[in-house]
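A.B. asks: using only what follows, build the 3D model:
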Amino acid sequence: MSEISELNNELPTNCLFDKGITGCGGTELALRNEVDTIIAVPTVNLIQNKVGQHGDNVLGVYEGVTCYDVDNYLSNHSKKKIMVTYDSLPRLINTIGQYAYQDFFLLVDEWHVLFNSYVFRKDAIKGVLEEAPKFDAVTYMTATPIEEKYLFQEFRNLPIVEVVWPNAKKIKVISQPTNNPISAICKEIEKVLTDSMFGNLHVFINSVDSIIDIIKKSGLTHEQAKIVCSDNRSPGSGKISNQKKIEMKLGNDYKIEKPLDTIKKVNFYTSTCFEGCDIYDPLGRTYIVSEGHKQHTMIDIYTLLIQICGRIRNSVYRDITHFYSYSRYKLDISLEEFEKNTLSTFDNSRKIIEEYNNTSEMLRC
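C.D. replies: As a prediction, the model looks like this:
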C-alpha cells in the first residue's frame, strides 16, 4: 500500500488508528471522500493549513468563528467537511445539534496530543474525551501512538488498527550535541546566506525568544526569515502577544506567517506546526534545535521527532539535523528507571499533600 487513500476511500472506525508514517494521506482522505466529517485537531494553524489547500469546501472552526458561520456553511454545502480545534469541539456540536453524533463521522486527528498536552490543556482535552464516544463512528488517528499501558481509560477497550508500510523510506537523523545550539544553527544559516550550502533551511524550535535571538545574530532580514508560530493572544492575561514581541525586538517588518505562505531562505516553526501541517519545498533542509536549559524547547524524540520528519512533503533532502544541548536530566536513563523515579516523586508529593491537609490550620500558616 502506498497511501491510506487505498483503504476503500474510508478510514477504519471506532478504533485507535496508527497510520504508521506522516504525510500518507490520512487527513486528506477524510477531507476528500463523500462522508460528512468533523475533524478535531490540536491547533488553529493546522486548520488554516488545510483550509488553505481546500478553500471553502472545508470550514474551519476555532475562536472567532460564529454559530452563523457554521449554519451558513451547513446550508450551502451538500458534502460537509468541518475542521475544529479540540477546544471548540463541544461548541460546534452544540451548534449543529444532537444529530451530529449520528450524521457525522468524527476523526480525532493527532490524538497523541490528548495525552502529551493534558496537563496544559485539560479543559479542551476533557471536552474531546467526553464528546467523542457519543459519535456512532469515531476514529482516533496518529502516526505516533502512545503505548497501551499509558492509554486513557476511555481508550482501553478500543481496538488498535495499524498500517504497515513495506516500502517506507528511511530518514536519517544526524544528532549533534553542542554547548550552544543557537550558535550551531547560526553557522548553518551563514552557509545558505553565503551560498556555500544549497537549499532553504526549515528550523523547528519551540521558542519565539530563541527564534528572535537567531534572527538577530544571523542578521536575517524579513525577506529572508519566515516565522510560523501561534499569535498567543490572550486578552486580559497581561502577556504580550508573540506578534508584538517580534515587532518590539525585530521591527515592524517581521510578521507571523502561515506554513503555506511563500518559502524563504530560513523558515522557523514552533510547536504549532509540529503536528499535521503540510510544508512544500523541494529544496527544504530540516533542522531541529533543542536547548537543554529551556524545558519547552526539548523535543520528545519518541513522538515529536517522528512528526517533524514528515512536515516537508516534497523535499529532495531526506536527512534531518538535530542540534541539542544537554539538560539536567540523564540522557541514558532506561524506561524502567524513569517510571520508577516518576512514581516515587508522585508518591512523595501525595504524602506531603496528605500530611499538609491533616495538619491544623494554624500550623499550615
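A.B. asks: for the rest of this, base every contact and every neighbour count on C-alpha atoms.
C.D. replies: Noted.
A.B. asks: which residue sits closest to residue 87, ignoring its sequence neighbours?
C.D. replies: residue 124 (4.4 Å; C-alpha to C-alpha, 6 or more residues apart in numbering).
A.B. asks: helices or strands up against the strand or helix carrying that neighbour?
C.D. replies: Under the criterion of DSSP states H and E, residue 124 resides in helix 122-131. Under the contact criterion of 3 or more C-alpha pairs under 8 Å, 6 or more residues apart in numbering; DSSP states H and E, helix 122-131 touches helix 89-96.
A.B. asks: any idea which helix or strand comes after the helix it packs on?
C.D. replies: Sequence-wise, the next helix or strand downstream of helix 89-96 (DSSP H and E) is helix 100-103.
A.B. asks: what comes up buried for that next one?
C.D. replies: 100-101 (16 or more other C-alpha atoms under 10 Å).
A.B. asks: now do the same for the longest helix anywhere in the chain: mean pLDDT, whole number.
C.D. replies: Longest helix in the chain, counting residues (DSSP state H): helix 335-358. Helix 335-358 shows a mean pLDDT of 79.
A.B. asks: swap in stretch 200-212?
C.D. replies: Averaging pLDDT along stretch 200-212 yields 95.
A.B. asks: which residues touch it?
C.D. replies: 182, 189, 192, 227, 229, 242, 246, 249-250, 264-271, 274, 283-290, 296-298, 308 (C-alpha atoms under 8 Å, 6 or more residues apart in numbering).
A.B. asks: among those residues, which ones are buried?
C.D. replies: Counted by 16+ other C-alpha under 10 Å, these give 182, 189, 192, 227, 229, 242, 246, 250, 264-271, 274, 283-290, 297-298, 308 as buried.
A.B. asks: give me the subset of those lying in strands.
C.D. replies: Secondary structure from DSSP state E places 227, 266-269, 284-290 of these in strands.
A.B. asks: quick one on the thing from earlier: list the helices and strands the longest helix of the chain packs on?
C.D. replies: If you count contacts as 3+ C-alpha pairs under 8 Å, 6+ apart, helix 335-358 packs onto no helix or strand.
A.B. asks: in contact with residue 83, which residues?
C.D. replies: Residue 83 sits next to 38-41, 47, 58-61 when contact means C-alpha under 8 Å, 6+ apart.
A.B. asks: which SS class is it?
C.D. replies: The three-state label given to residue 83 by DSSP: H, G, I helix; E, B strand; the rest coil is strand.
A.B. asks: beta-bridge partners for it, please?
C.D. replies: Under DSSP bridges, the beta-bridge partners of residue 83 are residue 39, residue 60.
A.B. asks: the nearest residue to residue 177 once chain neighbours are set aside and residue 255, how far apart?
C.D. replies: Leaving aside its chain neighbours, residue 177 sits nearest to residue 324 (5.0 Å; criterion: C-alpha to C-alpha, 6+ apart). For residue 324, the distance to residue 255 equals 27 Å [C-alpha to C-alpha, to the nearest Å].
A.B. asks: how far away is the spatially most central residue of the chain from residue 120?
C.D. replies: Centroid-nearest residue in the chain: residue 275, 3.1 Å away (criterion: C-alpha atoms, centre = their mean). Between residue 275 and residue 120 the distance is 17 Å, computed by C-alpha to C-alpha.
A.B. asks: ditto for residue 41
C.D. replies: Applying C-alpha to C-alpha, the value for residue 41 to residue 120 is 16 Å.
A.B. asks: so for residue 324 and residue 255, which residue has more residues nearby?
C.D. replies: The neighbour comparison of residue 324 against residue 255 (other C-alpha atoms under 10 Å) goes to residue 324, with 23 against 19.
A.B. asks: next, give phi and psi for that one.
C.D. replies: Note on residue 324: its backbone torsions stand at phi -150, psi 150 [degrees, to the nearest 10].
A.B. asks: flag the shaky bits of this structure, pLDDT-wise.
C.D. replies: Across the chain, residues meeting the criterion (pLDDT under 70) sit at 1-9, 23, 168, 232-238, 293-303, 327-335, 338, 362-365.
A.B. asks: how does it divide up, domain by domain?
C.D. replies: 4-162, 173-324, 339-364 (automatic domain parsing).
A.B. asks: quick one: the helices in the stretch 151-300 of the chain, in order.
C.D. replies: Remark: helices assigned in the stretch 151-300 of the chain by DSSP state H, counting those that start in this stretch are 181-193, 208-218, 242-250.
A.B. asks: how about JSON lines for those, with distance to residue 343 added?
C.D. replies: Formatted as JSON lines, the helices of the stretch 151-300 of the chain follow (distance: least, C-alpha to C-alpha, whole Å):
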{"stretch": "helix 181-193", "distance to residue 343": "32"}
{"stretch": "helix 208-218", "distance to residue 343": "33"}
{"stretch": "helix 242-250", "distance to residue 343": "36"}
